Structures are given as C-alpha cells and as structure tokens.
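1. Fold the following and give me the result.
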Amino acid sequence: MSALRLCVQRWNGNAKCMAIGIANNASIAKPIGTGLTTQQSVRSICHKDHMDPEVVKNKSKAWDWENKRYSWIDQYVLKRDKCVYRWDENTKIIAVEGNIASGKTTFAKKLADELGMKYVKEPDFDDMYIDRFGFDYRTLNWRLPEWVQAVDYRLFYENPKHQGWPTTHLMQYGMRYFYYHQALAHLFSTGQGIVIERSPWTDYVFVEAGYKMGFYPRDFKDYMWQLRADTENHLLRTHLVIYLDVSPEESLKRIKKRAIDYEVSPKNQLLQNTKYLEAIEDAYKTFHLPWIQNHAELIVYDWTRFGDMDLVVEDLERLDFDQYEARGEKMEDWRIYMTNDYDELRRKYTSWWTYMYKEFNRAVFDIPSLCCPPECMAHFENVMANHGPKYHPQYDPEKHGAFNIMFKTWGNYLERRQYNAYSPYHK
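-> Next comes the predicted model:
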C-alpha cells in the first residue's frame, strides 16, 4: 500500500497545503484539506483489469462519431444508441498538469494505458502549421514581416516580444479548446475515458506568466480572460486534475537533459534561467489550482523523483466522486440526471461546431497587439497566393485529377466540421 502524505506546495518560498495526495516514498501525515482519504470511498475510477468483465462484454459497439453524425432524428425519433449505456467507472476526463519538462507526457500516456482510457496530447505547432499533405507554413516565414509569421516556440523563445506571438497565443488557445472539445465528443460517443495533457483552462497560466514577464500588454491579458469567460461555458470541466509538482530548478535541469534543439539553443532567451519557469509555477498555484479545486478533484504529486504508476492508480481508486452528487460547485458540470440530457450534450459536441466556436470570430479592433496592419496582411495574402498551396488539399487537380474532383465530397464528417469551425490555417 502507498502511504498517505500531505502534499505540500512551494508557494513564494513558504510551505502551504494545496491538496491531499497519495504518493510513494512518503511519510505518514495527518490528512487535512479535502478530506477524501479519511472517508469511506466508492471506487469510481479503476484499473482496466479490475473492471467487471460482464459489463465490458455487454457494451454495445461504439458509435463512429468521426464518420457518422448523431442527429436529432437519432436522438428524438429513432431514440437509438443512448450514450450512457456504454458508460462505466472510467468514463471520466483526467487532466495532467505541470510546468515545462515536469514529466506530463510520459505520466499521461502511462496512466491512460493503465486505465484503458484515450490519451490526448497537448497540441503542438505542427498541428497548427502543417496541413494534411505536409505543407509547412513556417517555411514562408522568411518572406513575411513579424506580424504575420507562423510563430512557434523556437521564435518565441528567441524573441518573447515577437509581434506575432499574441495572435499565435490566441490561436493556441483555440487549438487547446478544439482538442478538449474533441475529447468530450469522444467520451460521449464511445464511453471511453480521457487522459488529456493540459486543458484549455491551463492556457491562462501562460497568459498570466507572460504578462508578469512583460511579454503581453494589459489589453491582451484582459481580452484573453474575457474570451475564457465567453467560451468556457460550452465545455464540461474535468473530473480530476493531477498536478506534477517539480521545482523550477529541476525543470530547468530536465530541459537541458532532454536537449530539444530550440529549448537549449544559445539564442533561447527564456530558458537560460528559471525566471519564466517560476512565473509559470506561480501562475499555476495562484490562479489555476485554487480555482480548479472548487470544480474538480485535485491531486498534487511531488514528481521530483518521479513515482510508481501502480500507486497512482491505487490513489485514484480511493476517490469518491459520488459524494458531490447532491450539491455544491464541485462536479456541478457532471450533475446530469436525465439520459436525454446526456444525448443532448453528445449532439452538441459532435454537431454544433459553428455554435461552439462563434466567440473566436469576434472583431478585436480595440486590441492593438491583435490588430495586424493592413499592409502586412496584404503582404501575407500576396505571399500565400504566389508561394503557398494553390488548392485546397482535397481538391488539388494535380493530385486527384480534374475529373475525379468534379463530384468529390472531401473528408469524413469530422474533417468537414473541423474546416467549418476554428482552424487558423484551414487545414
């Protein structure tokens, strides 16, 4: 058995309790805070090998939501494929959070495998800038002014005040939102749980850290917080957040050890010391963790020396999500009683794409850091017309032939919805 420990956070140099954790190699401490470990718990997350084989065997075949729409006719007229019939203990969303190089990716992949859940990675700039046929828009950067360059972490680390970074950060939030949206669609359509590496709400950790470091003006920060308020009501928050607590000094050591070229480049201005990592940690512990603890379960692990995944799974099996069913903010998003309401949410996440992304299309003329000068936009359009892809990837006569595309319908259902929703480079 793992030992109970009081998970203590570093917060401005002082030890303060943030959450109760269960961790290996820990001394026994009197539990305080959420009190979950002191109560008789109902196992609501379990290892995939501990699930009832009869329940698993009797599940209906998962709906192919990426290729087949779930319409109002399916829901109200045919009344078929009720999503709750495929749900089990592990039909939940777990977000893995932490500083740069804290071990989130490895942890999230292992946890998803142990629980039989789907792992959803954190979006990267390859997702944003490389289209389906391999064209990388970053190859055009040398032809473009800063305002309209395809900025990635390499450019950001070399020049944190890059003129195009605020717009890129806005698009990055859209990608986080999009990945989480897809995760919800998958959960409601298949019943399979999700382990996601950072959630959309984490984006504001980097907004606050960037503002503190002087990368963003106040108007951009205020706009991002307003956008969060306008978009977060479309999403259901996670059931559980696991924060991997690693000191900025240890994060910097790991960054140097993993030696990703743009992170250890001599031109990198941000990761030569711990100031930016300290700003990220402070934003996590000042804004995100106290806020999310009011809405979801929070477990914090001291991940300086890593840990045993078997013990982590034991900790999750002790959590009791049912104790929040009756009242209060915690788990309020998942307090759904009618099966038809679950199906309505499922149809929302698989069909209402334009509605889900309408807030991203607002005008931002009053935010100077997001307003590209017209001459830069004209330059961008000229470069794209002469050096970018000439055709939509699915309608390129050089690849598909003119005759074949005359009656062609491109992509599966998901791809068509993606294109009509938030897609900065129209992938």
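2. mind checking pLDDT for the nearest residue to Lys390 once chain neighbours are set aside?
-> By the measure of CB to CB, 6 or more residues apart in numbering, the closest residue to Lys390 outside its immediate chain neighbours is Asp396, 7.6 Å from it. For glycine as for every other residue, the C-beta is placed from the backbone atoms N, C-alpha and C. For Asp396, the pLDDT comes out at 72.
3. hey, where'd the strands end up in this structure?
-> Assigned by DSSP state E, the chain shows strands spanning 3-11, 14-23, 93-98, 118-120, 194-197, 240-245, 297-302.
4. Flag whichever of those strands has the least confidence on average.
-> strand 3-11 - the lowest mean pLDDT of the strands of the chain, at a mean of 33.
5. For stretch 145-159, measure first residue to last.
-> 14 Å (CA to CA, to the nearest Å).
6. Would you mind pulling the contact partners of it?
-> Residues from elsewhere that reach stretch 145-159 (CB atoms under 8 Å, 6 or more residues apart in numbering): 125, 128-129, 137-138, 140-141, 162-165, 167-168, 262-263, 265, 267-271, 372-373, 376-377, 379-380, 425.
7. Among these, which lie within helices?
-> The helices in this structure, assigned by DSSP state H, contain Phe125, Met128, Tyr129, Trp165, Thr167, Thr168, Tyr262, Glu263, Cys376, Met377, His379, Phe380 from the contacts of stretch 145-159.
8. Could you give the number of residues near the closest residue in space to the fifth one that isn't next to it in sequence?
-> What sits nearest to Thr167 in space, not counting adjacent residues and going by CB to CB, 6+ apart, is Leu370, at 5.7 Å. Look at Leu370: counted by other CB atoms under 10 Å, it has 17 neighbours.
9. what's the spacing between Leu370 and Pro217?
-> Taking CB to CB, to the nearest Å as the measure, Leu370 falls 10 Å from Pro217.
10. how about the residue nearest in space to the middle of the chain, phi and psi?
-> Nearest to the mean C-alpha position of the chain, by CA atoms, centre = their mean, lies Ser199 at 3.2 Å. Main-chain dihedrals, Ser199, degrees, to the nearest 10: phi -110, psi 170.
11. quick one: contacts for the closest residue to it other than its chain neighbours?
-> The shortest distance from Ser199 to any residue other than its chain neighbours is 4.4 Å, reached at Ala95 (CB to CB, 6+ apart). Going by CB under 8 Å, 6+ apart, Ala95 touches Ile196, Glu197, Arg198, Ser199, Thr202, Thr238, Leu240, Val241, Ile242.
12. so Ala95 bridges to which residues?
-> Ile196, Val241 (DSSP bridges).
13. again, but for Leu298
-> Val241.
14. Would you mind measuring from it to Phe135?
-> Taking CB to CB, one finds Leu298 at 41 Å from Phe135.
15. who's more crowded, these two?
-> Leu298 (26 against 15).
16. Tell me if I'm right that the more buried one and Leu289 touch.
-> Yes - the criterion here is CB atoms under 8 Å, and Leu298 meets it with Leu289 at 6.4 Å.
17. What are the boundaries of the helices in the stretch 301-427 of the chain?
-> Assigned by DSSP state H, counting those that start in this stretch, the stretch 301-427 of the chain shows helices spanning 309-317, 339-351, 353-356, 374-387, 397-400, 402-405, 413-420.
18. Report all helices and strands that the third one contacts.
-> When contacts are defined as 3 or more CB pairs under 8 Å, 6 or more residues apart in numbering; DSSP states H and E, helix 353-356 packs onto helix 339-351, helix 413-420.
19. Check those helices for me: which has the lowest mean pLDDT.
-> Minimum mean pLDDT among the helices and strands packed on helix 353-356: helix 413-420, a mean of 54.
20. quick one on the thing from earlier: mind giving me the PyMOL command for buried ones among the contacts of stretch 145-159?
-> Buried subset of the contacts of stretch 145-159, written as a PyMOL selection, criterion 16 or more other CB atoms under 10 Å:
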select buried, resi 125+128+129+137+138+140+141+162+163+164+165+167+168+263+268+270+271+372+376+379+380+425
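21. Neighbours of Ile73, how many?
-> Neighbour tally, Ile73, other CB under 10 Å: 11.
22. wait, what's in contact with it?
-> Taking CB under 8 Å, 6+ apart, one finds nothing in contact with Ile73.
23. so where do the helices sit in the stretch 151-300 of the chain?
-> Using DSSP H, counting those that start in this stretch, helices in the stretch 151-300 of the chain cover 153-158, 165-190, 203-213, 218-231, 248-258, 261-264, 275-283, 289-292.
24. quick one: the third one to chain centroid distance?
-> This means helix 203-213. The chain centre lies 16 Å from the centre of helix 203-213; the measure is CA atoms, centre = their mean, to the nearest Å.
25. Show me what it is in contact with.
-> By CB under 8 Å, 6+ apart, helix 203-213 touches 160, 169, 172-173, 176, 216, 218, 220-221, 224-225, 228, 275-276, 279-280, 282-284, 286-288.
26. Now the buried members of those residues.
-> 160, 169, 172-173, 176, 216, 220-221, 224, 228, 276, 279-280, 282-284, 287-288.
27. show me the contacts for the residue nearest to the centre of the chain.
-> Here Ser199 is in contact with Ala95, Glu97, Arg176, Tyr180, Arg237, Thr238, Val241 (CB under 8 Å, 6+ apart).
28. Taking the residues you listed, tell me the two that lie furthest apart.
-> With CB to CB as the measure, no two of these lie farther apart than Arg176 and Val241, at 14.6 Å.
29. For the protein, give me the ranges with low pLDDT.
-> Residue ranges of the chain with pLDDT under 70: 1-43, 76-78, 324-326, 393-394, 400, 403, 407-427.
30. mind checking how far the residue nearest to the centre of the chain is from Val120?
-> Distance, Ser199 to Val120, using CB to CB: 10 Å.
31. Can you check which residues contact both of the two?
-> Joint contacts of Ser199 and Val120 (CB under 8 Å, 6+ apart) are Tyr180.
32. Number of residues surrounding the nearest residue to Trp63 once chain neighbours are set aside?
-> Spatial nearest neighbour of Trp63, excluding adjacent residues (CB to CB, 6+ apart): Ser189 at 4.7 Å. Residues lying near Ser189 (other CB under 10 Å) number 22.
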